[in-house]
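# Got a predicted model here, sequence first, then my questions.
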Amino acid sequence: MPVNQDIKGIIRHVAEIIIDELKLEDVTADTFNSDMDLVDELGIDSMDLATVALILQDEYDITIDEDDYPKLKTIRLISEYIEEKLATKN
Amino acid sequence: MKTVSSLLDKDWYERYRRISNLNIRSSIYDVTNRCNLRCKGCFFFSSGEHQAAVEEMDIKKWEEFIDREKERGVNLAILIGGEPTLCMERVEAFYKRLPTYCATNGLIKVPRDKFPDMIVGISLWGDSEDEKVLRGRDTFAVSSKNYEGDKYTYYLYTITPRQVGKIEPVIKRIADVGLKVHLQLLSNDEGVDGFSWQEGELKDLRFEMDEMLDHYPQTVISCKYYHEVITTGKMMGRSFGWSECPSVTESLDNRENRPRRLIHFVRWASDLKTVHRCCTSATRDCSTCKDGAAHMSWVMVNKREHLKSTKDLQNWIEVYEMFAKLYHFISW
């Protein structure tokens, strides 16, 4: 599990995973706009999101319900979702 | 980093946003193993799929099954067969629970009092002469009377090699009865003489399909990029085939390259337990498969691949819109 579990750390880690998994070019975890709409702007679809969700589930040891995918529209929203899940778990 | 809005102007961006959150989750259902026609080249019978499972006859089992499918996240039921309209009670069970598309040969009319807005796709295999050769009768004469002017019905015109250069009269007949048409290509699974594609024919056909779209924009539901992909079998420099097809049943998909695919897609046999490999015949050579839905899905699941240029992304949008129109997620 990633060491840094404050919201900034989660945002950075989610950005790294998305960049890595979706092979995004010309962007780094530092330059990724965490409020960018992943569907409307980046063209991510539900298969991409499912791939990313599987990794996040493993990394943070949480469950991401498929019904929740539609609300996970930005890196910030995904990170807040993870933060909430971690808080519930603890 | 290329973003959607950096590639599109305002109008195209609005079109993109209209479809980008649809999340269509389809599956295909063999409603019955029986048909009131026996068409040469129908994959269902030529590959023995009509004998793959014993039909479930208990309507309650169908209803429970469909409820489970809905739970599984399916939001578009595509009914094929056999001929679904031979089992109207089963069609109704789907229609009451899910957005439903019913493929039919059009010989039996779906009663609109029971199914007011169900999308009906009528199969058509060419002009009267080819229909008689391949299907034993001119089905258009019957189906066009049954569905004339129906605003939730379109023809699914399977173009054969013998139709190249002769499409327009067919399109015109459809326009004249106030219906719409989508175009796809015969795969000739049974190797019927004179119905296999020869080199050069597909190039000519693509041009002809484009012309029909230009001349009959209110009748033809299609787009030119789809014509390109279906006639060349190529998309963004890649070739269609087993390692690329998105329409493989999820539980049977053991491909190591893990291609992009339709999430949770399953094609169910009529016993509601058996599953088929893909949306068409498992005996078909995937490298020559001409299945229209598989090709348009191939484009649709490869969205980010089309974020390379404005034209590529516009092409993707047009194909997605076409699919969404065919299944009435957006209006015609």
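Great, that's in hand. Numbers count the residues shown, from 1 in each chain, chains lettered A, B, ... in the order given.
# switch to C-alpha atoms for all contacts and neighbour counts from now on
OK.
# Is residue B:145 in a helix, a strand, or coil?
The assignment at residue B:145 comes out as helix when based on DSSP: H, G, I helix; E, B strand; the rest coil.
# Now the residue nearest the centre of chain A: which helix or strand?
Nearest residue to the geometric centre of chain A (C-alpha atoms, centre = their mean): residue A:14, 4.0 Å. Residue A:14 belongs to helix A:7-21 when assigned by DSSP states H and E.
# Distance from that helix to the middle of the chain?
6 Å (C-alpha atoms, centre = their mean, to the nearest Å).
# Tell me what residue B:234 is bridged to.
Beta bridges link residue B:234 to residue B:239, judged by DSSP bridges.
# what number of residues lie near it?
14 (other C-alpha atoms under 10 Å in any protein chain shown).
# same deal with the one 4 residues further on?
A total of 9 residues lie near residue B:238 under the criterion other C-alpha under 10 Å.
# Buried by neighbour count: which residues of the regular element (helix or strand) spanning residue B:230 qualify?
Element membership for residue B:230 (DSSP H and E) is helix B:224-232. Judged by neighbour count using 16 or more other C-alpha atoms under 10 Å in any protein chain shown, the buried positions of helix B:224-232 are B:224-231.
# Likewise for stretch B:164-181?
Buried residues in stretch B:164-181 (16+ other C-alpha under 10 Å): B:164, B:167-168, B:170-171, B:174-175, B:178-181.
# hang on, the earlier thing: of the buried residues of helix B:224-232, which is the nearest to residue A:68?
Using C-alpha to C-alpha, residue B:226 comes nearest to residue A:68 of these, at 32.3 Å.
# Where does residue A:85 sit: helix, strand or coil?
Counting by three-state DSSP, the backbone at residue A:85 sits in helix.
# Please list all residues in contact with the closest residue to it other than its chain neighbours.
Nearest non-adjacent residue to residue A:85, counting by C-alpha to C-alpha, 6 or more residues apart in numbering or on different chains: residue A:62, 6.7 Å away. Contact partners of residue A:62, counting by C-alpha atoms under 8 Å, 6 or more residues apart in numbering or on different chains, are A:56, A:82, A:85-86.
# do the same with residue B:88
If you count contacts by C-alpha under 8 Å, 6+ apart, then residue B:88 has nothing around it.
# swap the cut-off to 10 Å and go again
Residue B:88 makes contact with B:31, B:94, B:110-111, B:114 under the criterion C-alpha atoms under 10 Å, 6 or more residues apart in numbering or on different chains.
# what about the helix or strand harbouring it, average pLDDT?
Assigned by DSSP H and E, residue B:88 belongs to helix B:88-95. Averaged across helix B:88-95, pLDDT comes to 98.
# residues of that helix that come out buried?
B:90-95.
# Neighbours of the closest residue to chain A within the stretch 201-332 of chain B, how many?
Nearest residue of the stretch 201-332 of chain B to chain A (C-alpha to the nearest C-alpha) works out as residue B:304 at 5.8 Å. When neighbours are counted by other C-alpha under 10 Å, residue B:304 registers 20.
# Give me every residue in chain A lying close to chain B.
Within chain A, the positions lying close to chain B (C-alpha under 10 Å from any C-alpha of the partner chain) are A:22, A:24-28, A:32, A:36-48, A:50, A:66-67, A:70.
# ok, of the residues you listed, which come out buried?
A:32, A:37-48.
# could those go into JSON lines alongside secondary structure and pLDDT?
What follows is these, written out as JSON lines (DSSP: H, G, I helix; E, B strand; the rest coil; pLDDT from 0 to 100):
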{"residue": "A:32", "secondary structure": "coil", "pLDDT": "96"}
{"residue": "A:37", "secondary structure": "coil", "pLDDT": "96"}
{"residue": "A:38", "secondary structure": "coil", "pLDDT": "96"}
{"residue": "A:39", "secondary structure": "coil", "pLDDT": "94"}
{"residue": "A:40", "secondary structure": "coil", "pLDDT": "94"}
{"residue": "A:41", "secondary structure": "coil", "pLDDT": "95"}
{"residue": "A:42", "secondary structure": "coil", "pLDDT": "94"}
{"residue": "A:43", "secondary structure": "coil", "pLDDT": "94"}
{"residue": "A:44", "secondary structure": "coil", "pLDDT": "93"}
{"residue": "A:45", "secondary structure": "coil", "pLDDT": "91"}
{"residue": "A:46", "secondary structure": "helix", "pLDDT": "87"}
{"residue": "A:47", "secondary structure": "helix", "pLDDT": "88"}
{"residue": "A:48", "secondary structure": "helix", "pLDDT": "92"}
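# any chance of these in a markdown table, plus distance to residue B:159?
Putting these into a markdown table (distance: C-alpha to C-alpha, whole Å) gives the following:
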| residue | distance to residue B:159 |
| --- | --- |
| A:32 | 48 |
| A:37 | 41 |
| A:38 | 39 |
| A:39 | 36 |
| A:40 | 36 |
| A:41 | 38 |
| A:42 | 37 |
| A:43 | 33 |
| A:44 | 34 |
| A:45 | 32 |
| A:46 | 33 |
| A:47 | 32 |
| A:48 | 35 |
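# quick one: buried residues of the helix or strand that contains residue B:325?
In this structure, residue B:325 sits in helix B:310-326 according to DSSP H and E. Buried positions in helix B:310-326, judged by neighbour count with 16+ other C-alpha under 10 Å: B:310, B:312-324, B:326.
# which one of those is nearest residue B:282?
residue B:323 (23.5 Å).
# residues from the stretch 51-200 of chain B in reach of chain A?
residue B:73.
# Just want the residue of the stretch 51-200 of chain B that's nearest chain A.
For the stretch 51-200 of chain B, C-alpha to the nearest C-alpha, closest residue to chain A: residue B:73, 8.8 Å.
# can you tell me which residues contact that residue?
Residue B:73 neighbours (C-alpha under 10 Å, 6+ apart): A:66-67, B:24-27, B:263-265.
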